[in-house]
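1. I would like to see how this sequence folds:
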Amino acid sequence: MNARVATESVLEQVRLLVERADEAPTLQALADAVQLSPSHLQRAFRRHYGMSPSEYHRARRFGQLKTALRKGAAVTDAVYESGFGSGSRVYEHSDRLLGMTPASYRAGGAGADIRYTTTGTPLGRLLVATTSRGICSVTLGDTDRELEQRLADEFPQATRQRVDAGREEWLDAVIARIAHELGWSQEDAPDLPPLDVAATAFQWRVWDALTRIPSGTTKSYGELAAELGVPKAARAIGRACGSNKLALIVPCHRIVREDGTLGGWRWGVERKRELLASERKDPARSAA
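-> As a prediction, this is how the structure comes out:
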């Protein structure tokens, strides 16, 4: 069977084995179960599902954990009901997959100290927010009130403090970088701060791929899915774009429908149209 490409039914069998396992199966055990070499199985599974079997197992468990926490389950109960053997294993990965500890996630971001500011742009008002660990939100809207309410809805239990421009190094750096890369300012662009955004391994893969789409060009959901080696994951690509919390930094506006039409954008399709038109006038410019 090693000489043949793994069929969808074989990969589905592997996926079910991974999903039903309390402990993540070893790659060798999975390969033995379907008579494939470990390396071939790893490549085929990643092409089909966008992640390795071990990443799939971890993402699945964290998805169950997040659901339990949202429903109000006690953290300890949620950890064990989701199939984790111990709380320590959750905390090893929670920063990357939840963006905060399970207790903070359940409490709507309680304990997080968020500092934010707003500024005007050619696309409307821009809000940038950071925690002590990095950028947690960049959004566009019509008014400051709208943007502040959106931030409050996303982090209802966090402490939120508005900071005037010029008094917060990270906030200023984000605004300056965006303004420079999009041609709104000729000032030098500082490096972006680190990110503090909750995301799955697959979402990070999609967002990273989006940052490599050159300014002035677009790709369809299907094209990006094929580029990532998951040609049947166009809808999953769309969901990953829809969950992007970093407007302009992660340029999901460069994704269009298969027929070339713009499709939607969580910050407004007219803004998307204007942004793409501006980039096409100066394709040498590339957003971070």
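2. which helices and strands does the helix or strand hosting Q149 pack with?
-> Using DSSP states H and E, Q149 sits within helix 144-154. Applying 3 or more C-beta pairs under 8 Å, 6 or more residues apart in numbering; DSSP states H and E, one finds that helix 144-154 contacts strand 113-121, strand 124-130, strand 135-141, strand 159-162. Yep, even glycine has a C-beta here, placed from its N, CA and C like the rest.
3. out of the ones you listed, the one nearest S37 is which?
-> strand 135-141 (41.3 Å; C-beta to C-beta).
4. and the closest one, C-alpha only, in CSV?
-> This file holds the C-alpha atoms of strand 135-141, laid out as CSV (Å, rounded to 0.1, in the frame of the first residue of the first chain):
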residue,chain,number,x,y,z
ILE,A,135,-1.4,42.5,19.8
CYS,A,136,-4.8,41.0,20.5
SER,A,137,-7.1,42.9,18.2
VAL,A,138,-7.0,45.2,15.2
THR,A,139,-10.4,46.2,13.8
LEU,A,140,-11.9,48.7,11.4
GLY,A,141,-15.2,50.5,11.8
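5. pull out the buried residues from that strand.
-> I135, C136, S137, V138, T139, L140, G141 (16 or more other C-beta atoms under 10 Å).
6. now do that strand: everything it contacts.
-> Contacts with strand 135-141, where a contact means C-beta atoms under 8 Å, 6 or more residues apart in numbering, come from 99, 112, 114, 116, 121, 123-130, 147, 150-151, 154-155, 170, 174, 178, 192-197, 245-249, 267-268, 271.
7. lowest-pLDDT helix or strand in the chain?
-> Least confident helix or strand of the chain, by mean pLDDT, DSSP states H and E, is helix 87-97 with a mean of 43.
8. neighbouring contacts of stretch 35-55?
-> Contacts for stretch 35-55 (C-beta under 8 Å, 6+ apart): 1-2, 5-6, 8, 10-11, 14-15, 18, 24-25, 27-28, 30-31, 34, 56, 59, 201-202, 205, 228-230, 232-233, 236.
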